[in-house]
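> Next input, structure requested:
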Amino acid sequence: MKRYGFVGSRSRQDQSSVFAKVAELPPGSAVVSGGAKGPDKWAEEAARHRGLQTIIHLPEAGQSTTRWAATEKFYARNQKIVDDSDVLIAFVSPDRKGGTEDTIRRARKKGIPVILA
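Residues are numbered from 1 along each chain as shown. Now for the predicted structure:
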């Protein structure tokens, strides 16, 4: 079973693009996501609709004492997405910054193919 990581900017509004990418996945694929609003959630929804397995990595719960500590939890979640994916599909925003870009860098560093959508 091939695992496809789906990440994306919350500024993206094109839900149909995410649904179309999930529709292209081979039967028996799994969708890995970080559970965030926007492309992450849309990919989960589309995968469930198709009957595909979903693997969701939420950031660790709990309070953080600093903004940096909270950010670290999201970076750790991004790494889990990468570690669980064979291919990363990223719905980037025009400003190309934030968690999506962090996950893309992590995937490329690990040698995982990245598809920019």
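
> contact partners of stretch 110-117?
Here stretch 110-117 makes contact (CB atoms under 8 Å, 6 or more residues apart in numbering) with 5, 8, 17-18, 21, 82-83, 85-92, 104, 107-108. C-beta coordinates here come from the backbone N, C-alpha and C atoms, glycine included.

> of the residues you listed, buried ones?
Using 16 or more other CB atoms under 10 Å as the burial test, these include 5, 8, 18, 21, 82, 85, 87-92, 104, 107 as buried.

> quick one: which two of those residues are the most distant?
18 and 82 (18.7 Å; CB to CB).

> coming back round to it: adding pLDDT, write the buried ones among the contacts of stretch 110-117 out as a markdown table.
Formatted as a markdown table, those follow (pLDDT from 0 to 100):
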| residue | pLDDT |
| --- | --- |
| 5 | 98 |
| 8 | 95 |
| 18 | 97 |
| 21 | 98 |
| 82 | 98 |
| 85 | 98 |
| 87 | 98 |
| 88 | 98 |
| 89 | 98 |
| 90 | 97 |
| 91 | 96 |
| 92 | 93 |
| 104 | 96 |
| 107 | 98 |
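
> Thanks a lot, catch you later.
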